[in-house]
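Peer 1: the sequence and its predicted three-dimensional model are supplied below.
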Amino acid sequence: MNKTFTSIILFILFLAPVYSSEKIVYLDVEKIMQQSIAGKSIITQLKKKREVLISNFKKKEKEIMDKEKKLIAQKNVLSKEEFESKIIELRKDISNYQKERNKTSNDIAMSRVKASTSLINKLTPILEDYSKKNSIRIIVQKKNIVMGKKEDDITKDILELVNQKVKNIKLD
């Protein structure tokens, strides 16, 4: 009798739904990064920086191509040793160009990471304050959510707060 009673109580307890007063919400950080004033500023600055660098690299690439055409045109005029030395010089120029281009590409990527990190660092206190005011226990990134109610999405609210508090982030 005692075992049956205990079994029934345990069965009822396991079936009873658990309700929590703690709120769990989610946030689309990518949307904040793309649509906030500071995020748009970062994107614009990176785009301008990349365009300037691409323009410079196109000029250098054209110079190397012109140098190569000139060398090919002089092939019959130059001595074999002189031609070989100019080819070695051209290969060095091409190698330096590729190294510089890779370094610049890495620098832009690092600038993007630093700027994004800076925006995230400024977003953290905003999220902390928002969670205290609204009694939120956990804020999860939207990309880690399989399914959630629309009313648990706080992206719009946080986007407004970020736009009020963070206007611009400067790149290095």
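Peer 2: Sure, I can see it.
Peer 1: longest helix of the chain, counting residues only.
Peer 2: Scanning the chain for the longest helix, with DSSP state H as the assignment, gives helix 80-133.
Peer 1: other SSEs contacting that one?
Peer 2: If you count contacts as 3 or more C-beta pairs under 8 Å, 6 or more residues apart in numbering; DSSP states H and E, helix 80-133 packs onto helix 29-35, helix 37-73, strand 136-141, helix 155-165. Where you see a C-beta, it was placed from the backbone N, CA and C, and this is true even at glycine.
Peer 1: if we use 7 Å, what do you get?
Peer 2: Counting contacts by 3 or more C-beta pairs under 7 Å, 6 or more residues apart in numbering; DSSP states H and E, helix 80-133 is packed against helix 29-35, helix 37-73, helix 155-165.
Peer 1: who wins for proximity to Ser131 among the ones you listed?
Peer 2: helix 155-165 (10.3 Å; C-beta to C-beta).
Peer 1: run the chain-centre distance for the closest one.
Peer 2: 19 Å (C-alpha atoms, centre = their mean, to the nearest Å).
Peer 1: and what of stretch 72-86?
Peer 2: Relative to the centre of its chain, stretch 72-86 is centred 48 Å away, using C-alpha atoms, centre = their mean.
Peer 1: one more: stretch 34-43?
Peer 2: Averaging C-alpha positions (C-alpha atoms, centre = their mean) puts stretch 34-43 11 Å from its chain's average.
Peer 1: OK, contacts around the residue nearest to Met33 when sequence neighbours are not counted?
Peer 2: Once flanking residues are discounted, Met33 sits nearest to Gly39: 4.5 Å by C-beta to C-beta, 6 or more residues apart in numbering. With contact taken as C-beta atoms under 7 Å, 6 or more residues apart in numbering, Gly39 is in contact with Ile32, Met33, Leu119.
Peer 1: please check those and keep the buried ones.
Peer 2: By neighbour count, with 16 or more other C-beta atoms under 10 Å, the contacts of Gly39 hold Ile32, Met33, Leu119 as buried.
Peer 1: and the first one, how far from Asn102?
Peer 2: According to C-beta to C-beta, to the nearest Å, Ile32 stands 31 Å off from Asn102.
Peer 1: with the second one instead?
Peer 2: To Asn102, Met33 is 26 Å away according to C-beta to C-beta.
Peer 1: try Glu160
Peer 2: Counting by C-beta to C-beta, the separation of Glu160 from Asn102 is 40 Å.
Peer 1: next: Arg112.
Peer 2: If you measure Arg112 against Asn102 using C-beta to C-beta, the figure is 16 Å.
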